[in-house]
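J.: Sequence and predicted structure, then a few things I'm wondering about:
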Amino acid sequence: MAEIRREKVYCPKCKKEIEIGMWDVIESPYDKEEKEKVLKNMFFKVHCDDCDIIFPIAYRCQYNDLENKYLIWFVPGMEPKDKKVIAEYEERLKTDNTLRLARGGYRYRLVRTDNELREKVFIFEQGFDDRIIEIMKMLYAPMIKQSVAKDRDIIGIYFDQKKDGKYRWVILLAGMNQPLMMDINMDMYDEMKGKLAGIIDEMLPEGFAYINVLWAREVMKEQVERLEKEKQKEAQTRNA
């Protein structure tokens with residue numbers, strides 16, 4: 001079950017000392033209230049009763065879904081001590097038979113922000129492959145920049161769902177308090193999944209993988225290079 005420790009934080013506005021519970025692990029399906037807070041992006045936020053503000057906190061925490069078999073590690077700082085803890089856990093996965101059997105078939109992910117954690121949990125809850133979603137995000141980015149971002153920097157693009165059940169991108173832009181939205185053509189998901197099934201498995205790092213747009217770019221770069229080599233080989237065969 002979940003492991004909780006009591007810590008004190010201070011309100012950035014009124015400086016009031018607030019005691020909070022900090023979770024080492026959130027376990028689904030047991031920690032239902034905490035799961036809902038993650039999905040609403042409210043888990044890593046604190047409410048000050050005195051001045052009535054909500055402010056963010058960030059600390060290392062695992063989200064472990066025992067039913068759907070995925071483990072997401074939220075590591076906001078990624079300092080040397082964080083890397084050491086992650087490396088030690090990955091080593092245990094290789095050498096500890098009990099842990100290896102318990103974690104068999106798991107997907108392992110790293111995230112750096114609460115937005116990323118919320119998105120990963122949502123993607124897996126919907127039954128999608130986060131690797132394909134990141135590739136779609138990369139392909140949509142130029143369209144987003146041209147149509148809605150224009151002269152503003154894109155802070156983040158996140159996978160989400162509308163009330164009617166259709167999927168959309170939630171786009172955070174520099175200098176704007178409210179996010180923008182863009183509908184997604186989910187036909188692209190099935191197309192990308194069919195074309196890239198092999199390569200995304202080959203390029204998935206061992207252990208906890210940070211699957212983001214940068215990883216997606218490397219996948220697409222590798223795919224383009226492979227297709228080019230195949231064309232050259234075909235041309236050489238025809239000319240032989």
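T.: Cool, the structure landed.

J.: and the lowest-mean-pLDDT helix or strand in the chain, what does it pack onto?
T.: Using mean pLDDT, DSSP states H and E, the weakest-scoring helix or strand in the chain turns out to be helix 97-102, at a mean of 80. Contacts defined by 3 or more Cβ pairs under 8 Å, 6 or more residues apart in numbering; DSSP states H and E place helix 97-102 against helix 80-95. (Glycine included, C-beta is placed from N, CA and C.)

J.: Which elements pack onto the helix it packs on?
T.: Packing partners of helix 80-95 (3+ Cβ pairs under 8 Å, 6+ apart): helix 97-102.

J.: re earlier: so which bits of the least confident helix or strand of the chain are buried?
T.: Residues of helix 97-102 include none that count as buried (16 or more other Cβ atoms under 10 Å).

J.: What of stretch 147-156?
T.: For stretch 147-156, the neighbour count (16+ other Cβ under 10 Å) marks A149, G156 as buried.

J.: repeat for stretch 183-201
T.: Applying a neighbour-count criterion of 16+ other Cβ under 10 Å, one finds I184, Y189, M192, K193, L196, I200 buried in stretch 183-201.

J.: ok now the longest helix along the chain, how far from the chain's centre?
T.: Ranked by residue count and defined by DSSP state H, the top helix of the chain is helix 213-239. Computed by Cα atoms, centre = their mean, to the nearest Å, the chain-centroid distance of helix 213-239 equals 27 Å.

J.: helices and strands around that helix, which ones?
T.: Looks like helix 213-239 contacts helix 130-144, helix 187-202 (3+ Cβ pairs under 8 Å, 6+ apart).

J.: what mean pLDDT does that helix have?
T.: What helix 213-239 shows for mean pLDDT is 90.

J.: Kindly report the same for stretch 198-206.
T.: pLDDT averaged over stretch 198-206 gives 94.

J.: hmm, who's touching that stretch?
T.: Contacts with stretch 198-206, where a contact means Cβ atoms under 8 Å, 6 or more residues apart in numbering, come from E90, D129, R131, I132, I135, I211, W215, E218, V219, E222, Q223, R226.

J.: Reformat those residues as CSV; add neighbour count and distance to P12.
T.: Listed next are those as CSV, based on neighbours: other Cβ atoms under 10 Å; distance: Cβ to Cβ, whole Å:
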residue, neighbour count, distance to P12
E90, 13, 35
D129, 18, 38
R131, 24, 37
I132, 23, 39
I135, 26, 38
I211, 26, 32
W215, 18, 34
E218, 11, 38
V219, 22, 40
E222, 14, 44
Q223, 17, 45
R226, 12, 50
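
J.: Can you spell out the domain ranges of the protein, please?
T.: Listed by automatic domain parsing, the domain ranges of the chain are 1-114, 128-240.

J.: With distance to F122 as extra columns, can I get those in JSON lines?
T.: Output for these, formatted as JSON lines (distance: least, Cβ to Cβ, whole Å):
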{"stretch": "domain 1-114", "distance to F122": "6"}
{"stretch": "domain 128-240", "distance to F122": "7"}
